[in-house]
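Colleague: sequence first, predicted coordinates after that:
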Amino acid sequence: MTSSEIRNSFLKYFEERGHTIISSSPVVPYDDPTLLFANAGMNQFKDVFLGNGKRSYKRVADTQKCIRVSGKHNDLEEVGRDTYHHTFFEMLGNWSFGDPSAPDGIGRAGYYKKEAITWAWELLTKVWGLPKDRLWATVYNDDQEAEQYWKTLTDIDQSHVLRFGEKDNFWEMGETGPCGPCSEIHIDRTPAGNATSEMVNAGIPEVMEIWNLVFIQYNRDETGKLTPLPSKHVDTGMGFERVCAVLQNKSSNYDTDVFSPIIKKISEFTHKSYNGGMRSAIDNSQFEFDTSMRVIADHVRTLTFAIGDGALPSNEGRGYVLRRILRRAARFGRNLGMHEPFIYQLVPALVETMSYIFPEIKSNQEHIQKVIKGEEESFNVTLENGLKIFEEIVSRAKALDSKTISGDDTFKLYDTFGFPFDLTQLMAQERQLKVDSSRFEELMEEQRDRARLTRETKVFVQDNLGIESTDSKFVGYDQFQCDSWVIEHKRHPMDGDFEYSVRDSIPSKLFVRGISEYVVFDTTPFYAQAGGQVADIGEIEILNTGNVIKVSDVFKTSKSAIVHVIPPSSEIGMGMKVRIRVDQFRRLSIMRNHSATHLLHNALRRILGTHVHQAGSLVAPDYLRFDFAHFAKLSDQELADIEALVNEKIKENIPRTPGLNNIPFEDAKKLGALMFFGDKYGERVNVIQFGDFSTEFCGGTHVNNTGEIGYFKIRSEGSVASGVRRIEAVTNDYALELLKIQDKSYFERLDYAFNQFDETLQLKSELADASGGKSSLAHNSLGGYEQRLNDLKQIRSIPNEASQELKSWFDQIKSRNQIMEELILQIAETKKSMEKELGRFRLQSLSGSMDDLTASAISIGNIKLVAAIVSAASIDELKNLGDSLRAKLGSGVGLLACVIEDKVQLVCVVTDDLVAAKKIEAGKVVGAIAKLVGGGGGGRPHMATAGGKDVEKLDEALAQTKSIVESLLRK
Ligand code: SER
């Protein structure tokens, strides 16, 4: 029988006995955090066993993809060394759910030990014709019931039914989960068929377990306690590759048609033959070759199926296991003389033989091959570097006559050079050296502590300020400003530096420098740093004194209070009424970047594939950074396509779906919001959705329409860790800023940067004047920018010889250009914020002067008329002034003029009552005046703008306003 016939006959046998045949679940169990990989056929029914889930059937059978490389079931070390253990294998299984006396809707009851044992025996001996005298059955110590069934319902040799203890005959899926006593079937493959009972469960390849019938009765919890389950279940699992070896009469699983196509390919690539025998039969080097081929054949299956189901090699968890498997395979490849990537080229042989049953490996073949190839390449680089260092370490050890490689060296190899620990161990063994693994472990533990320290201290400090408020009200989704009052205010417990002794588990003490104060308001529009989006900055105006205090940072305590960080000795106290304002321009930029991040994420998934998922992100005002799982450097074409797709979505001006804040998690799931394994979601969530292009869980702040993003430009693409890429991008004003310097040389860029800086300095002093010192932005020290610009200036002129020096000069320029770009964006941010602030203050003072203008209005009947020259800095400002005049006029017409860049700008406003009575239109008034200054314009009846070039005629034209309005009114 071929392997596919064997698989089919198993499924058919159980289908004939009322079982529903289903597909294997993915080998990556996305919904079970207790498992890295599916390790048994029963995994997908765990919920049924625990009584939490239901299926429409009571009997079911399948072939399940399993990987056993970690946790309770780990066969990694045996693989290749013997002929019947695998990291990836198929498990044929049949199951029964629940009480035999309660039939399912279609008349098929569950079953238990009796049927499970009878059918297993019948399939093995009658259908497949295995010799009865070569089969052995084991039962759990006190499972007399199972023992009796074997002895009375089957014709097994009575002396072949053996009892074993917990280690062999009590099956558990992991540290926790459903479990129960089991009964195993072993086959005697000794040449003479004369195995003895001592050879069963003794780890002898000739007496091998082929099928395990588990009687699931208990659940084991985290404390180790067993609790009986509501019902009893059957869970059987047969090693497919083993049974193929038996039925095809091969001494090794690797000789069956499941593996031979892959082994054949490996032989072709390596020009080495596969002998297949075990050590005793052949010489040592052939044994090593055979072992290597088995390891590779096994590992490529694991990699293919795991990657095909969405896993990726990485530095942690499941990804790390895969990376180690690949590296192990690549290492064994080197034993066969393979120094270039080749494992990825074995995938087609596997696809050809297996995709008829597991089509996912065919549809993902290209992706699988790319990932494996990328990993092989990066491992080669790591290996080359590590090998050199390893040799240095070995010769140092030899010089000292030492037989040990120190833990410090091993750690350095691992930590700095990414050289796997097990590889160091293996290579040391080959040189008859030992590795000081306990020192290595010690260093690893210290490293873990350090990581914990930085992560936990910030939270620790924040949570130990003694802030008691809970749940501040956040109104910043649709407000940038609000009036509120101080509900909590904390100074540092001591003046000066102070010390916290951090939790015992963390060795060092934390020393906090710099003094701040902390305030909590009843309500706030300030966003606290979360989910990659940086905190808002802004200011607090104390309403009764008019004092303004700068907010430099905002964070959320674990009790959900939103805490604003302000300078020491700020004159603020409990209960004070305040007006708090976020830096609006900065926040709008953040919102654009956050929404752009979502568009980018989806563009990546569409262009590179759905394996792309977020691995980290930063949303700042001047740029956004997005890390994602992907195996290869992005090509220029891919980057261009991604940029174009995001810009297309911006141009489509897709509105953000309203009403998705604080909705039940289940509703969000129904919307198809992107959810990632390992992420935690609360009961109520926010969803950000832009049409059908992007739907994500997100608590951040976003634009209302994608059009507001303006423009999206990728700044850089690179790698952060192997398998994780990083894109940095800019939007809107910042994108334009980059376009401006795009074709400039280094020194031209530097000039541009200095220029922008000078303009910012100028703005700062204008802002200080206009705000009477009240703008917190006017207190910004710009010294940091100046310092960095001067640093960038310090570069010697280009060396004229074509030498190494020239190359290093160019490298230097390249990295400085990067820094300069960042600096230019930061200056732009400060400058833009200041411009906006300046506008606000000027408007404030100019609106004050609108009162005077209104008071001096002339009358035409009951209608007031104002015509005046004002000093607005932009057309927007002029329009704002028009609005404010219109509000103050009562009933009338206003005409304001100013000169901007040697041109006349005009705005005319008409109050609502006159518009409603159709007495006069703003457009007509402004049009007639504009004509007098050599221009034209128009607008809506209540507000219209116009421009003209003849500045010298402005006074004269304004003098005509009264008669023009009179003439228009008469009509
Ligand atoms: N769950 C048992 C095993 O994996 C039987 O399927 O061996």
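Modeller: Noted; the coordinates are in hand. Numbers count the residues shown, from 1 in each chain.
Colleague: what ranges do the helices span in the stretch 151-300 of the chain?
Modeller: Along the stretch 151-300 of the chain, counting by DSSP state H, counting those that start in this stretch, helices occupy 166-169, 240-247, 260-270, 284-308.
Colleague: residues making contact with the second one?
Modeller: Here helix 240-247 makes contact (Cβ atoms under 8 Å, 6 or more residues apart in numbering) with 1, 3, 6-7, 63, 83-84, 86, 89-92, 128, 130, 187, 189, 208-211, 250-253, 255-259. Bear in mind the C-beta positions are built from the backbone N, C-alpha and C, glycine included.
Colleague: try it again with 7 Å
Modeller: With contacts defined as Cβ atoms under 7 Å, 6 or more residues apart in numbering, helix 240-247 is touched by 1, 3, 6-7, 63, 84, 86, 89-92, 128, 130, 187, 208, 210, 252-253, 256, 258.
Colleague: which of those residues are buried?
Modeller: 3, 6-7, 63, 84, 86, 89-92, 128, 130, 187, 208, 210, 252-253, 256, 258 (16 or more other Cβ atoms under 10 Å).
Colleague: rewinding a little: possible to save the helices of the stretch 151-300 of the chain as JSON lines with mean pLDDT?
Modeller: Formatted as JSON lines, the helices of the stretch 151-300 of the chain follow (pLDDT from 0 to 100):
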{"stretch": "helix 166-169", "mean pLDDT": "93"}
{"stretch": "helix 240-247", "mean pLDDT": "97"}
{"stretch": "helix 260-270", "mean pLDDT": "96"}
{"stretch": "helix 284-308", "mean pLDDT": "92"}
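Colleague: need these in a markdown table with mean neighbour count and distance to the ligand, can you?
Modeller: Shown next, in a markdown table, are the helices of the stretch 151-300 of the chain (neighbours: other Cβ atoms under 10 Å; distance: least, Cβ to the nearest ligand atom, whole Å):
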| stretch | mean neighbour count | distance to the ligand |
| --- | --- | --- |
| helix 166-169 | 14 | 11 |
| helix 240-247 | 23 | 12 |
| helix 260-270 | 18 | 24 |
| helix 284-308 | 24 | 17 |
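Colleague: these: which one's closest to Val69?
Modeller: Within those, the stretch nearest Val69 is helix 284-308; the backing value is 7.2 Å (Cβ to Cβ).
Colleague: now do stretch 581-595: distance to the chain's middle.
Modeller: Relative to the centre of its chain, stretch 581-595 is centred 22 Å away, using Cα atoms, centre = their mean, to the nearest Å.
Colleague: which bits of the protein sit near the ligand?
Modeller: Proximity of the chain to the ligand, by Cβ under 6 Å from any ligand atom, involves residues 40-42, 93, 171, 212, 214, 235-237.
Colleague: find the closest residue to the ligand in the stretch 701-850 of the chain.
Modeller: Scanning the stretch 701-850 of the chain for proximity to the ligand using Cβ to the nearest ligand atom identifies Gly723 as nearest, at 30.2 Å.
Colleague: leaving out sequence neighbours, find the closest residue to that residue.
Modeller: Spatial nearest neighbour of Gly723, chain neighbours left out: Ser314 (4.8 Å); criterion: Cβ to Cβ, 6 or more residues apart in numbering.
Colleague: state the pLDDT value of the one you found.
Modeller: On the pLDDT scale, Ser314 is placed at 77.
Colleague: also Asp221?
Modeller: Asp221 is assigned a predicted lDDT (pLDDT) of 79.
Colleague: can you check Glu16 too?
Modeller: Listed pLDDT for Glu16 reads 95.
Colleague: picking that back up, of the residues of the chain next to the ligand, closest to Thr152?
Modeller: Relative to Thr152, the closest of the residues of the chain next to the ligand is Thr236; by Cβ to Cβ it sits at 19.9 Å.
Colleague: neighbours of that closest one, how many?
Modeller: 26 (other Cβ atoms under 10 Å).
Colleague: ok, the residue nearest to Gly723 touching Val321?
Modeller: No. With contacts defined as Cβ atoms under 7 Å, Ser314 does not count as touching Val321, sitting 9.7 Å away.
Colleague: those two - which one has more neighbours?
Modeller: More crowded of Ser314 and Val321, by other Cβ under 10 Å: Val321, with 24 against 20.
Colleague: what helix or strand does Glu90 sit in?
Modeller: strand 88-96 (DSSP states H and E).
Colleague: let me fix that, I meant to ask about Trp150.
Modeller: Assigned by DSSP H and E, Trp150 belongs to helix 144-153.
Colleague: list the helices and strands that helix packs on?
Modeller: If you count contacts as 3 or more Cβ pairs under 7 Å, 6 or more residues apart in numbering; DSSP states H and E, helix 144-153 packs onto helix 113-121, strand 135-140, strand 161-164.
Colleague: pick the most buried one from these.
Modeller: strand 135-140 (a mean of 24; mean count of other Cβ atoms under 10 Å).
Colleague: hang on, the earlier thing: how about JSON lines for the helices and strands packed on helix 144-153, with distance to Arg788 added?
Modeller: Shown next, in JSON lines, are these (distance: least, Cβ to Cβ, whole Å):
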{"stretch": "helix 113-121", "distance to Arg788": "74"}
{"stretch": "strand 135-140", "distance to Arg788": "72"}
{"stretch": "strand 161-164", "distance to Arg788": "72"}
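Colleague: which one, of the ones you listed, ends up nearest to Tyr356?
Modeller: Closest of the helices and strands packed on helix 144-153 to Tyr356 is helix 113-121, at 26.2 Å (criterion: Cβ to Cβ).
Colleague: put the alpha carbons of that closest one into PDB.
Modeller: Extracted in PDB, the C-alpha atoms of helix 113-121 (Å, rounded to 0.1, in the frame of the first residue of the first chain):
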ATOM      1  CA  LYS A 113     -13.000   1.700  25.700                       C
ATOM      2  CA  LYS A 114     -14.900  -1.300  24.300                       C
ATOM      3  CA  GLU A 115     -15.300   0.000  20.800                       C
ATOM      4  CA  ALA A 116     -12.000   1.800  20.700                       C
ATOM      5  CA  ILE A 117     -10.100  -1.400  21.500                       C
ATOM      6  CA  THR A 118     -12.200  -3.700  19.200                       C
ATOM      7  CA  TRP A 119     -11.900  -1.400  16.200                       C
ATOM      8  CA  ALA A 120      -8.200  -0.800  16.700                       C
ATOM      9  CA  TRP A 121      -7.600  -4.500  16.700                       C
END
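Colleague: tell me which residue in this protein sits closest to the ligand.
Modeller: Residue nearest to the ligand within the chain: Gly237 (2.4 Å; Cβ to the nearest ligand atom).
Colleague: need the contact list for that residue.
Modeller: If you count contacts by Cβ under 7 Å, 6+ apart, Gly237 has them with 40-41, 91, 93, 212.
Colleague: any idea of the pLDDT on it?
Modeller: Predicted confidence (pLDDT) for Gly237: 97.
Colleague: returning to what we had before: mind checking which of the contacts of helix 240-247 are in strands?
Modeller: Of the contacts of helix 240-247, the ones assigned to strands by DSSP state E are 63, 89-92, 187, 208, 210.
Colleague: any chance of these in a markdown table, plus pLDDT?
Modeller: Listed next are those as a markdown table, based on pLDDT from 0 to 100:
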| residue | pLDDT |
| --- | --- |
| Thr63 | 97 |
| Phe89 | 96 |
| Glu90 | 97 |
| Met91 | 97 |
| Leu92 | 98 |
| Ile187 | 97 |
| Met208 | 93 |
| Ile210 | 96 |
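Colleague: tell me the one of these nearest Val909?
Modeller: Nearest to Val909 among those: Thr63, at 78.1 Å, using Cβ to Cβ.
Colleague: how near is that closest one to Pro348?
Modeller: Distance of Thr63 to Pro348, computed by Cβ to Cβ, to the nearest Å: 22 Å.
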